[in-house]
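Participant: heads up, no residue letters with this:
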């Protein structure tokens, strides 16, 4: 009964998301109502039993899962309204459009002849355009087209969503979302989970702050017209992503070693006539190579791997289990790019998880915890993204010297960090903000203002334009209208490196963690298979221990992976006098924080030389770590030179005196001084509120 119902639900969702229409939407809503009724009735029936009378550990876990009615706790008209509201918000998001003419706003879209959808138009523009006016237009228009329009619906959603949680026995939605992390058998409570997440965030924050300072310095040079405050937040529209959570589109002007860039795999793929089907065939070959199950025939026959031209679809990548033991599909608007090659491995990782746990009881057919499934796909992508793996695929060239390998390794780690490290604060704040909305800490009249306070506090990013309470900028991200929890992506961000290290050990890898590729390792595949087939039938701590030997999440492997880059950033930011942090004031609009704007003047012309002055030259690598910034005789650019004119006849200006930044979190690092300790600057040693403001400076749906 349950399998049949879930299969019908999966088909209804599939039809709507691969062909957005009123007919398919109504059919999906009707099916959701049937499923919700079933869930509610099961929950009511299960609650008639006394939990203390159940002694079998499996049945105890089943009781906990089945006794929750979820949104089914709403009855009658309220339930129908809630289902319709969610569908309408998703529909608004799917219909989001921006005019390619910067003079035409969303309100005047009827006069627009060049309409850009999220995929591929907006995505490509953000990846390639360096026109700050166009980027600002896209940034604002997308929010006007999505979040702003759904704000009234979100307020209705919020009221009903909390009502359903309360009817289900929770104080608010936040705790109901975190329920799957709570494990009584391990004495692990909601408080324990929130504290563990907070500790993980604090441990990884110094690396993010260092990366933030480096990228901000590069953006100041790239966009002098933006007048970016070198001690403040980064304007959100300049980071190559609608949501500022992945900065990889900035690579072409921010490489640590610009003369040693990585070979562009996308260009190689296009030159070699790769297709989207080849991307997924190559991915499937990787999984078979480590001893896992190949994708079934239905996958190749029924998946939507590219965007159709004849109908509107929802391009958010998704792996769907049709609960019939033979049909698993991926929905994705893929293109022939390196990014989508990596994404294909992430999606196929989730699909592999679904295949492996298919024989579990239906309630256990899910990841060990919500972050586990995402982490598995990301873990495998870490292997695939290595330079050695790219070379095996013919998508990366060989280094010509030992030094070049070291330079390119720093560049490689930097490119990965612009995704993995940069996403952590966003994945932390998304649900931290919503928890506060759900429990009333964020009043409705400050819904948007509090969003930007969270963005500024955790990401160090500011709004390029004043925002009002008519706006709802959180709604510009898919997971808000889709009613999808997001903290799982933070959990996955940590777990992927922890699992990667365990698989590398099983594969017999010796060397830096960032160079490990488990391709072809049956031992690594078997370890993974043994855990995936458990689904959520055991506590997630038990699954993690089986994989890694530890019952706790650990940021250590992530920090180990990025250690060479972290050391390099420490040195580079110190030698260039980079300010770390972004201010603690309540200002969330760029340039309105009351701090002196010292970035208005453009940089001085770069002196001739073997390398650009803002990047180290090809000097000899340090025997104890990565090559040091400023190698081969190049002097690092001085912060003072960036903001003061150089008088004729002088080789270089004297550095500006070190002084605290107004409302800031850090000090300028003097070019000759010791790099500032980010951890000491952003957080106090004693426990306190999260984020740079209080500690030292400082179905399966993926996060995309």
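Facilitator: All right, it came through fine. Not measured: the values here are computed from a predicted model.
Participant: Distance of the residue lying closest to residue 474 once chain neighbours are set aside relative to residue 457?
Facilitator: In space, and not counting its chain neighbours, residue 474 is closest to residue 451: 4.8 Å by CB to CB, 6 or more residues apart in numbering. In short, each C-beta sits where N, CA and C put it, glycine included. Per CB to CB, to the nearest Å, residue 451 is found 11 Å from residue 457.
Participant: Without its sequence neighbours, what residue ends up closest to residue 156?
Facilitator: Using CB to CB, 6+ apart, the closest residue to residue 156 is residue 85 (5.4 Å).
Participant: Tell me the helices and strands packed up against whichever strand or helix holds the one you found.
Facilitator: Take DSSP states H and E as the rule and residue 85 turns out to sit in helix 76-94. Counting contacts by 3 or more CB pairs under 8 Å, 6 or more residues apart in numbering; DSSP states H and E, helix 76-94 is packed against helix 22-46, helix 147-167.
Participant: ranking those by mean pLDDT, which is last?
Facilitator: When the helices and strands packed on helix 76-94 are compared on average pLDDT, helix 22-46 comes out lowest at a mean of 91.
Participant: Tell me the first helix or strand C-terminal of the helix holding residue 85.
Facilitator: Proceeding N to C from helix 76-94, the next assigned helix or strand is strand 97-99, under DSSP H and E.
Participant: And that next one, what does it pack against?
Facilitator: Looks like strand 97-99 contacts strand 115-117, helix 132-145 (3+ CB pairs under 8 Å, 6+ apart).
Participant: which stretch among those comes nearest residue 286?
Facilitator: strand 115-117 (30.9 Å; CB to CB).
Participant: Now do the buried residues in the closest one.
Facilitator: Judged by neighbour count using 16 or more other CB atoms under 10 Å, the buried positions of strand 115-117 are 116-117.
Participant: so what pLDDT did the closest residue to residue 95 other than its chain neighbours get?
Facilitator: Nearest non-adjacent residue to residue 95, counting by CB to CB, 6+ apart: residue 312, 7.4 Å away. Looking at residue 312, its pLDDT is 91.
Participant: what's the answer for residue 2, then?
Facilitator: What the model reports as pLDDT for residue 2 is 88.
Participant: now residue 637
Facilitator: Residue 637 is given a pLDDT of 35.
Participant: Check which element follows the lengthiest helix in the chain along the chain.
Facilitator: Longest helix in the chain by number of residues, with DSSP state H as the criterion: helix 402-438. Where DSSP H and E defines the elements, the next helix or strand beyond helix 402-438 is helix 447-459.
Participant: and that following helix, what other elements does it pack with?
Facilitator: helix 402-438, strand 461-462.
Participant: Just want the phi and psi numbers for the closest residue to residue 51 other than its chain neighbours.
Facilitator: In space, and not counting its chain neighbours, residue 51 is closest to residue 63: 5.7 Å by CB to CB, 6+ apart. For residue 63, the backbone dihedrals (degrees, to the nearest 10) come out as phi -60, psi -50.
Participant: Could you do residue 331 as well?
Facilitator: Per-residue torsions, residue 331: phi -110, psi 120 (degrees, to the nearest 10).
Participant: Test my guess that residue 39 contacts residue 67.
Facilitator: No: taking CB atoms under 8 Å as the definition, residue 39 is not a contact partner of residue 67, at 10.7 Å.
Participant: rewinding a little: now the residue nearest to residue 156: how far from residue 485?
Facilitator: As judged by CB to CB, residue 85 and residue 485 stand 18 Å apart.
Participant: Between those two, which is the more surrounded one?
Facilitator: The neighbour comparison of residue 85 against residue 485 (other CB atoms under 10 Å) goes to residue 85, with 23 against 18.
Participant: and that one, what does it touch?
Facilitator: Contact analysis of residue 85 by CB atoms under 8 Å, 6 or more residues apart in numbering lists 153, 156-157, 160.
Participant: Make a ChimeraX selection of whichever of the residues you listed turn out to be buried.
Facilitator: Buried subset of those, written as a ChimeraX selection, criterion 16+ other CB under 10 Å:
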select :153,157,160
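Participant: how about the contacts of residue 85 in JSON lines, adding distance to residue 513?
Facilitator: Output for the contacts of residue 85, formatted as JSON lines (distance: CB to CB, whole Å):
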{"residue": "153", "distance to residue 513": "45"}
{"residue": "156", "distance to residue 513": "47"}
{"residue": "157", "distance to residue 513": "42"}
{"residue": "160", "distance to residue 513": "46"}
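Participant: Closest one of the contacts of residue 85 to residue 240?
Facilitator: Nearest member of the contacts of residue 85 to residue 240, counting by CB to CB, is residue 153, at 29.3 Å.
Participant: As a check, name the ranges of all helices in the stretch 251-400 of the chain.
Facilitator: Using DSSP state H, counting those that start in this stretch, the helices of the stretch 251-400 of the chain run over residues 265-271, 276-289, 297-302, 338-356, 370-384, 387-392.
Participant: Now render those as TSV, adding mean neighbour count and mean pLDDT.
Facilitator: Supplementary listing: these in TSV, determined by neighbours: other CB atoms under 10 Å; pLDDT from 0 to 100:
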stretch	mean neighbour count	mean pLDDT
helix 265-271	16	93
helix 276-289	18	97
helix 297-302	14	96
helix 338-356	24	95
helix 370-384	26	94
helix 387-392	17	91
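Participant: so which of those helices gets nearest residue 590?
Facilitator: Of all the helices of the stretch 251-400 of the chain, helix 338-356 sits nearest to residue 590, with 27.6 Å by CB to CB.
Participant: what's the closest one packed up against?
Facilitator: By 3+ CB pairs under 8 Å, 6+ apart, helix 338-356 packs against helix 265-271, helix 276-289, strand 318-321, strand 328-331, helix 370-384, helix 522-532.
Participant: Format the ones you listed as JSON lines; extra columns: distance to residue 295.
Facilitator: What follows is the helices and strands packed on helix 338-356, written out as JSON lines (distance: least, CB to CB, whole Å):
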{"stretch": "helix 265-271", "distance to residue 295": "20"}
{"stretch": "helix 276-289", "distance to residue 295": "5"}
{"stretch": "strand 318-321", "distance to residue 295": "11"}
{"stretch": "strand 328-331", "distance to residue 295": "7"}
{"stretch": "helix 370-384", "distance to residue 295": "14"}
{"stretch": "helix 522-532", "distance to residue 295": "15"}
